[in-house]
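K.L.:
could you work out the structure for the sequence below:
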Amino acid sequence: MKPRNEFNALLWLALLCASFIIISNGTAYAQSGVARGAISAPRDPELEKQSAHNLEVAKYYFYKRKPADKNDKDGWARLNKAVIDRLQEIMDTNPNFARMDSVYFLLGEVYARAGDLDQAKEFFGKLIKEFPDSQMIGDAKKRLAEVENQGKGK
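P.N.:
Numbering: from 1, shown residues only. A predicted model of the protein is given here:
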């Protein structure tokens, strides 16, 4: 082969290798792109931890604590206020809390127990509207229907 033909053959071989590398890297980049799905702001781990603690304390007050006398209206009011204050703190300091559906559900429960049916409907409705994929959606719909029926009975 003549030197010029050898040079042309090497040039074609180099171009073929370069195009193969570019194509294979292009495919790799396409596969390693950004995942599909909603883009959400990163959550502050410390704030999430504090919010989770407040939620657990609110659940404890709601489910475990009871006034000594079951007919003590002031005791129930103080207990409900303690739960609402904890949950309100979560909503104020961490509106993007990962478990906000639990916050809304518990607020609905507290207001229903306190007899404030409009507020209870609001929070059950908020959970249903804002978190349609929540594990609590079935319970929220059930409780919303119960609260609405309770309101009609008055």
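K.L.:
which residues in this structure form helices?
P.N.:
Counting by DSSP state H, the segments of the chain that form helices are 3-31, 45-63, 73-93, 100-114, 117-130, 137-153.
K.L.:
count of neighbours near the closest residue to E148 other than its chain neighbours?
P.N.:
Leaving aside its sequence neighbours, E148 sits nearest to K121 (C-beta to C-beta, 6 or more residues apart in numbering; 6.6 Å). The way it works is simple: take the backbone N, C-alpha and C, and place the C-beta from them, glycine included. For K121, the neighbour count with other C-beta atoms under 10 Å is 19.
K.L.:
hang on, K121 packs against V147?
P.N.:
Yes: the pair K121 and V147 qualifies as a contact (C-beta atoms under 8 Å) at a distance of 5.6 Å.
K.L.:
and the chain, what are its domains?
P.N.:
Taking automatic domain parsing as the domain assignment, the ranges for the chain are 1-33, 45-153.
K.L.:
could you give the mean pLDDT of the shortest one?
P.N.:
This points to domain 1-33. Averaged across domain 1-33, pLDDT comes to 63.
K.L.:
for the residue nearest the centre of the chain, grab phi and psi.
P.N.:
The chain has A98 as the residue nearest its centroid, 3.8 Å off, counting by C-alpha atoms, centre = their mean. Note on A98: backbone dihedrals following degrees, to the nearest 10 are phi -60, psi -30.
K.L.:
next one: K70
P.N.:
The phi/psi pair for K70 (degrees, to the nearest 10) is phi -60, psi -20.
K.L.:
and the closest residue to F131 other than its chain neighbours, how many neighbours does it have?
P.N.:
Nearest non-adjacent residue to F131, counting by C-beta to C-beta, 6+ apart: D101, 4.2 Å away. Residues near D101, counting by other C-beta under 10 Å, number 21.
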